[in-house]
Every structure is written in C-alpha cells, then in structure tokens.
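Asks: sequence and predicted structure below; questions after.
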Amino acid sequence: MSKLHVTTSVNGQPEEVLCEPHQSLLDVLRDELGLTGTKEGCSTGDCGACSVTLDGRLVCSCLVLAAEAEGKEVGTIEGVANPDGLHVLQQKFLEHAALQCGICTPGFIVAAKVLLERDPNPDETTIRYWLAGNLCRCTGYDKIIRAVQDAATELAHEA
Amino acid sequence: MAEAHDLKVIGTRPVRPDGVEKVTGRANFGADLYLPGMIHGKVLRSPYAHARIKSVDVSGALAMEGVLAAVSRSDFPEETDDLGQNVIARDKVLYHGHAVAAVAASTPLLAEQALDAIKVDYDVLEPVLSIDQAIADGATLVNEQMHTNGDASQPASNIAAITKFERGDAEKGFAEADVVVEGEFRVPMAHQGYIEPHACTATINEEGKITVWCSTQGHFDVRTQTAAILGTSISKIKVIASEIGGGFGGKLSVYLEPLAVKLSELSNRPVRMVMNREEVFRATGPTSATWCKAKVGAKKDGTITAATAWLSYEAGAFPGAPVGPGCMSVLAPYDLENFSIEGLDVLVNKPKVAAYRAPGAPQAMHAMECVIDDLARELGMDPIDLRLKNAADEGTQAPYGPKFPAIGLKACLEAAKAHPNYTAPVPEGCGRGVACGFWFNIGMQSSAEVLIREDGTVIINEGSPDIGGSRASMCLMAAETLGIPYDRINAHVADTESTGYCNMTGGSRTTFATGMAVVQACEDIIAQCKERAAMTWDIDADQVDWDDGQAVPKPGVNADVDPLSLADIAKTWGRTGGPILGRASVNAQGAGAGFSVNWTDLAVDRETGKVDVKAYTAIQDAGRAIHPAYVEGQMQGGAAQGLGWALNEEYIYDDNGVMENAGFLDYRVPVASDLPMIDTQIVEVPNPTHPYGVRGVGETPITAPLAATSNAVRDALGFRVSELPMSPPRLLEAIDSQEG
C-alpha cells in the first residue's frame, strides 16, 4: 500500500509527512514528527491523554487519521508555551501541584486551554464536565480543577 | 528531631523540579524513546483461560518480510520462577491474555500481523474462575503441584497458603459481649488503572551488554528480574528508568523487558514494546477479588470484646495474593484483647495479581469497617466515638505483633469529630459513612549521593523513580538540612549504574527511606564542609559550626573570619582537598504506621441506582508533610481510586474466563464530573525514627474509602449492600429486592 502525502500545520509550522492510510494522527505526531508530548493511554478515545486541537477543536488524536489533518491546523502541547515562557495554565498546574505522575498533564492542559478560549469564566461544574474526557488516576481531579479556576481568574485579570 | 516551628523549607509548597518538563510535554515516559534502527515487539496472548500448550511454532511469523525475530518458551531457560512463567507461559497458559510468544518487526502493525502467523496447539482445560469454585471439593487445579503452605503430605489444592493471627480467646470475648454483629462481603478485582501502559525499549550489544529503558517503579528490580528470567548476570544489564506515568504497585514486576531483550538479541536491533490498554487490563495489574467475613462483639458501652476475620483472596494464576497485608491491616485500628484472623491465598485462572496501593488492605478493611459501622448503629453510638473508645494508640500491640510507637489514629479521629464537615448535619436526602484507614508503611534500602557543583549548587542523585513529586520532597529535605534555598538543589533519578542500590518506589517508602538517605548524605556534606572551612581558617574542624547554609566558627572560637557558604567552599576546594560529594545508604527501619479517617456524604437515586458523591473528607497522619500539596494529592487520589472501586470498577468475566470490559469505556474509572472536591486535613504526629518525622503517605488513602462509601450507602438506603461495586445495576437490583 503506498503512503499518503499529508500537508498540514503543527503548532503554526508547516509540516509534510508521508504516512500509512491507517496511521492515526497520534502515531504520526509521535513517530514521524517526534512530538512525544502527546501521550497514548488507550487508543480508543477514552482517556484524553492524546488530546490535541484540529482547527481549534479539541480531539483525541488517536481517533483521527493522520490523513484527516490534510490542510488543517494541529495544536499540541508543544505549542502551548511560547518563547516568553509557560502558558498561565501550565504555571497554575505547577503552582497547584495539579500533577503527580504527569502522563495525563499534556492532555489536560490542551483540553483546558480550549475550554478557556471558549468560556473564559467557567464554573466548577462546567470545568468538570469539559474535562470529563481526560482521565487522571493520581490526583482525584481536585487540584486540576483548582488550577484551571485559578488560570481563568488570572487570564481575566490580564485581559 | 527538628520541631515544626524551626523548619524553614519543609512544609512549604514550591514547584517541583521536574514540573516544567511535565507541563510542556518534554518529559520522556516509557514509550517516548526513539533509537536508530529501532524495531517493534508485540506479544501473542492466550485465547484461553486455562490450557496445556502442546506446541508453539513461530516459523510462519519469521518467514514474513519485515519480521526480524520471534520468541517463545523454548528461547528462555526452562528452570524459572513464577514471574518467569508469567512473562512467557511454559507448560500451561493460566489466564486469558497470558503471554505465549512475541515477535519483533519493522513496524508495530507488521508485528501485530505476524502474531497471526504463529501456530499454537492447545489442549483446553476447564478454567477456575472464582474462590468458590477454587475451594470446592474436587475443584480443577490451577497448578497440580500446589499444596497449601507447601505441605506435600496433603492433597494438591488451589489454596496456596493460609495465614493466621490470633490473640486471646475470641469465643470467650464474644460470650462476654452484649452485642455481636457480623457480615460477609465481596470486593471485585480492580486494576490500578495507571494512564501510561507498560512500555520498554531494550538493546543488547555484541559483547552481551544489555540496556533497558522502561517505565517502572523500581529499575533495580527490573535488573534483578530480567537477569533471572534470561538466565544472565545482573552485571550485564543496565536499566534506565524513564518518567513513569502512574504505577500504584502495578509497575513493580516485569512483563515486557525480558521479551524485548531476547528479541533484541535475535534481531540485533533495539526493540521497543508498548502494551495497548486491552493488554494492560488482560495481562497486568489487577488486585485480588475477595470474599471476606467479619464479626465483632462489644459491651453496651462500646468496648469491643472480640473480633474475627476470614479473608479469602484470589491470587490469580500464581500464589501471592496480598492476603498477608490484609490480615495485618484488618484490625490494626483497634486495641483488642481477643481476635482471630485467617487469610487464604487462592489460585484462579485470572492474571497474576500485582500490588495495588496498600495491597490487600482496602478489601479486608472494607469488611471490618462496615461491621464496625453496623456495631455503632446497634449500640446507638456515633461511629467516631465507637472508634475512639477502641482506638489503637502508642503502646498498643498491633495485631501483627509489634507495639505501635507514636501513631496518629486518635488525633485523626479527634480532628474528624471537630471538623466542620462532620459537625454539619448530613444534607437532606444523603447518607454519611465513616471509616478508618491504615497502612503499616515500609522502609527498606536506599542510597543517595549529594554532589556539589563548582558554584555551590547541589545535585541529589538517587534511585527512586519519581511517581508523584518525590524529587520535590528530596530537594526540600536537602534544603532544610543544608540550610540553603530550595531552588539551588536539583534531584536526579539515576540509572542502575549511576547511583547506589535502591529498592522500589512502593510501600510508601520513598520520602521516608530515600529521604533519610538524602538527609544523611547532606549531613556528610556538612561534615566535609566544616573540615574544609577549618583547613581554610587553620582551626580544628570541631571548632566549626554549620549555620544557615554557612560554615562559621563556633561561639567563643577566636577567629576573625567571614562565614563560608557552599559556593565559597567550592571556589577554593582545589586547595582544600578537591571536589566535595556526600553519600549515604540506609536500610531504613521504623517506617511508622499511617492512619486515616474518611467520611463521605452521598445520595442514591432510587430510580436509577446511581450514587452521587456530594462531599468527601480525608484526614490522615503524615508524620510530617514535607510538601503538603503532594501529601494532599495522595489523599485525594487515593480517595478517588477508592470511590471508583466502591462504585463502579470491576473485572467482568464471561464463563470462559474472558474479561468482557477490557477498556476504559467499560472499566469505568472516576472522571472529573463524577467527583466533588476532596477536602483534606493533614495531621502531624511525627514519626520518631525519621529525622523530620516523616511517615509514608501514599497508600493509607485508599484503605478507608471503600468502607466509608459502603457505610454512606447503608445510611442513605437504610440497608446494607455487601457486594462491591455499588454500581447502578447492582444498587437498583438491591433496592428492587428490598422494596419487593
């Protein structure tokens, strides 16, 4: 089976990859582009560790074929911080000790960033339901929710 | 021991040293290593829960283009232990998912396809799928050579071992009781549910030198286990621990590493192996399903006169259910004269159980803490008052032998009674349930080296994989001891050839034991710095003090000199004897038992059977919290895991022993929208054997939630549900049958 030529953009940079038709976006990000910040926890769309954005929409990259990224903008955890430093969410996750092992953290941060872009002032229930697609087995979610709340507050002050 | 008010750094909440790597995606976990020429390994797993292997033929896979190696039992030494037989099946497959063969190919997909070309001839046997089946007369034997407690004079049995603890005379105690309550409880198999699947990469060079990168709680153990299974020397193997994406006890044993090494040897390529989630469920991890009976008798005033427990645990396919720790824990919170505890380790055709956070304690304590709750109801006593009346304290002899030194159970119970979440009335329509938690904690062996850079900043080298912020704890204890700021210290989890031997990250031992080694290594640094300063000042070393991160002359010593910081001493170390490094190793004793009290308020929807957890509070004795946020995190995480186990999580098997819910969609762990905030209160009753009073905190948090949740459901429904999980279908069935 011949490979597909996919032209896409990852974290604002143009990328071209040759991929197998069956390869997921997750596999191509990790195996072809070396972007291993996006994690594989289940490959069935149940854990959210592989969360990325596709044209700004939150998706599980394990459920997206790499070929579907053709002509689209992909956003991964590697694109969340900028040259000036960490994103507020990243800073708040650190300050609140909102990670223990850290494997789910990239997915949570990518997901929470999309939430705050859509709803800058979410209440606790909204945050809990938005992040219900991201599993964390270490924290019991308490400190994650607080980190997102704190980030929202800080972003509101900055605005 | 330093008093709390003397501490400057311990008890603060700085950002962890590895934090930036982990929030930016830079941190490298088990599956994140890419090596030139690397190929991919996959495992062929048994489609049967119990079968004799007549033959395995991998030649079909090897004939495929792009397949570079294939292995089965004949590639490994015949003489092997249970772990070796679990890594690759020998005569029999003992559970559905048991590894039978493995291949390595140029792509993961090709490796997967090559598995279909392996021919295995099985003689299918009847599977043993429950304790009831396993201990019945005439039961099929999982292992025909297994005799209870090794007693070959008795017939072979599925009961691998029976453990007994007794004191006093339980029957006499029950006879003296005014009230006797008892119950029988079942807790299902549950998985640790770490989000990162098992992963490793292995390579072997032409002189047989092996390097393994893997996600593990103990890379020194990976070295030992891999060497034993391959029949080679540990001196041939270097293991590098990647960052670890959760373990909870499930990453203490090897599954993939010996296979990857063998495939690397045969292919002459680095081989990576990564499990998928289904394999994680079918072939790793679970903790025991249990069947427990508990009985308690008490006087009208609440004094417990006797207690008994019968604890029966599924071990999976090999002996080793955590029933011993279950026996140790089941009555640990109580000061009792009369008790008897019996524990059974029972083989069934299910995956070999692995440690899961306080292994064995949650199931046993669920049974006993439910019965204690029923006793409080019978007596009309507050459940905390009943526990206070009988609580173990300093000097109480633990059921498993030793006398407790200072422990914090009573302090936790008193804190609970005074807590606003407890003094507040139970919300309308809710039930409230209380339970105690316990874990004995362990010490064991750790090493640490403390290295000073030329600028006086500090590196800690140690061997405990950081599973939840332990680098931060090490840096805090080092900063406190050395008297320098936290941000001048970094902690490094070194590989098996770059630091001294270290036991695993498990048993809640890391902050306690590795922390003790780090503190002692820092004291070694201080002693050396005093000598260097003395040399510089031309006085005796015993005339030098270490004060606030600097060498100073002792009061009264006649020396007109400026204090010397670590940086000052480093600047001139060429003239005083060369670079400075400190080291220490410990076999830490006196880990200090950890107690907790938890309660929850929850509502049960009688139409759907769904439980809505409204509030959860955990109080725990941490001895001393080095980094309180990570202690709270352990308490919150353990509560969430316990709630999941109590309310939803279970292995569901069909009649052939095939797990029917091997994915996160159907094995449903708690998600953010299932839980409330989890309130915590840390109690500090310092552990006298640790320089800063630390007790382990990782495991105790999961020991109370099962019973607290059960007791709250009992309170909400007005009757007890004795089988977990209390999932909607099970609760609905219970409600319907009660309402007849």
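Replies: Yep, it's here.
Asks: in chain B, what residue comes closest to chain A?
Replies: Taking CB to the nearest CB as the measure, the point where chain B comes nearest chain A is B:Gly25, at 1.8 Å. Placement of C-beta: from N, CA and C, glycine included.
Asks: report pLDDT for that residue.
Replies: At B:Gly25, the model reports a pLDDT of 98.
Asks: ranges for the strands of chain A?
Replies: Applying DSSP state E to chain A gives strands spanning A:4-10, A:13-19, A:51-54, A:57-60, A:73-75.
Asks: could you dump the ones you listed to a markdown table with mean neighbour count?
Replies: Supplementary listing: the strands of chain A in a markdown table, determined by neighbours: other CB atoms under 10 Å in any protein chain shown:
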| stretch | mean neighbour count |
| --- | --- |
| strand A:4-10 | 17 |
| strand A:13-19 | 14 |
| strand A:51-54 | 25 |
| strand A:57-60 | 20 |
| strand A:73-75 | 22 |
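Asks: for B:Ala376, which of those is the nearest?
Replies: Shortest distance between B:Ala376 and the strands of chain A, using CB to CB, is found for strand A:51-54: 45.5 Å.
Asks: okay, now the sheet partners of that closest one, with direction.
Replies: strand A:57-60 (antiparallel), strand A:73-75 (antiparallel) (DSSP bridges).
Asks: what's the first one in contact with?
Replies: Translated: strand A:57-60. Outside strand A:57-60, the residues that touch it by CB atoms under 8 Å, 6 or more residues apart in numbering or on different chains are A:25-26, A:45, A:48, A:50-53, A:110-111, A:114, A:133.
Asks: in the lengthiest helix in chain B, which residues are buried?
Replies: Secondary structure of chain B read by DSSP state H shows that its longest helix is helix B:515-537. Judged by neighbour count (16 or more other CB atoms under 10 Å in any protein chain shown), helix B:515-537 contains these buried residues: B:515-526, B:528-537.
Asks: which helix of chain A spans the most residues?
Replies: helix A:142-158.
Asks: so where's the chain shaky on pLDDT?
Replies: You didn't say which chain, so I picked chain A. Counting by pLDDT under 70, chain A has low-confidence residues at A:1.
Asks: please go with chain B instead
Replies: Per-residue confidence for chain B (pLDDT under 70) gives no ranges below the cut-off.
Asks: at 90 instead, please
Replies: Low-confidence segments of chain B, defined by pLDDT under 90: B:1-6, B:558-560, B:739-740.
Asks: which parts of the longest helix of chain A are buried?
Replies: Judged by neighbour count using 16+ other CB under 10 Å, the buried positions of helix A:142-158 are A:142-152, A:155.
Asks: please apply the same query to stretch B:639-655.
Replies: B:639-651, B:653.
Asks: just give the nearest non-adjacent residue to the most centrally placed residue in chain A, would you?
Replies: Relative to the mean C-alpha position of chain A, the nearest C-alpha, by CA atoms, centre = their mean, is the one of A:Val110, at 2.9 Å. Leaving out its chain neighbours, the residue that sits closest to A:Val110 by CB to CB, 6 or more residues apart in numbering or on different chains is A:Ser51, at 4.5 Å.
Asks: tell me the contacts of that neighbour?
Replies: Under the criterion of CB under 8 Å, 6+ apart, the neighbours of A:Ser51 are A:38, A:58-61, A:106-108, A:110-111, A:133-134.
Asks: ok, it to chain B distance?
Replies: Taking CB to the nearest CB, to the nearest Å as the criterion, A:Ser51 is separated from chain B by 11 Å.
Asks: for that residue, name its beta-bridge partners.
Replies: Assessed by DSSP bridges, A:Ser51 has beta-bridge partners A:Cys60.
Asks: how much space between it and A:Cys138?
Replies: In this structure, A:Ser51 lies at 17 Å from A:Cys138, with CB to CB, to the nearest Å as the measure.
Asks: B:Val346 too?
Replies: 31 Å.
Asks: what's the answer for A:Gln23, then?
Replies: From A:Gln23 to A:Cys138 the distance is 30 Å (CB to CB).
Asks: residue of chain A nearest chain B, please.
Replies: Minimum separation of chain A from chain B (CB to the nearest CB) falls at A:Gly37, amounting to 1.8 Å.
Asks: what sits against that residue?
Replies: When contacts are counted by CB under 8 Å, 6+ apart, A:Gly37 is found next to A:76-78, A:106, B:24-26.
Asks: what is the nearest of those to B:Leu732?
Replies: Within the contacts of A:Gly37, distances to B:Leu732 taken as CB to CB reach their minimum at A:Pro106, with 38.3 Å.
Asks: would you confirm that A:Thr44 contacts B:Val280?
Replies: No - the criterion here is CB atoms under 8 Å, and A:Thr44 misses it with B:Val280 at 12.0 Å.
Asks: neighbour-wise, which of the two wins?
Replies: B:Val280 (25 against 15; other CB atoms under 10 Å in any protein chain shown).
Asks: OK, contacts around that one?
Replies: Applying CB under 8 Å, 6+ apart, we find B:Val280 in contact with B:191, B:197-198.
Asks: repeat that with 6 Å
Replies: When contacts are counted by CB atoms under 6 Å, 6 or more residues apart in numbering or on different chains, B:Val280 touches B:Pro197.
Asks: how near is the residue lying closest to the residue of chain A closest to chain B once chain neighbours are set aside to B:Thr481?
Replies: Distances taken as CB to CB, 6+ apart place B:Gly25 nearest to A:Gly37, at 1.8 Å, with adjacent residues excluded. For B:Gly25, the distance to B:Thr481 under the criterion CB to CB works out to 33 Å.
Asks: between these two, who's got more neighbours?
Replies: Between B:Gly25 and B:Thr481, counted using other CB under 10 Å, the more crowded position is B:Gly25 (26 against 23).
Asks: just say helix, strand or coil for the more buried one.
Replies: Under DSSP: H, G, I helix; E, B strand; the rest coil, B:Gly25 falls in the coil class.
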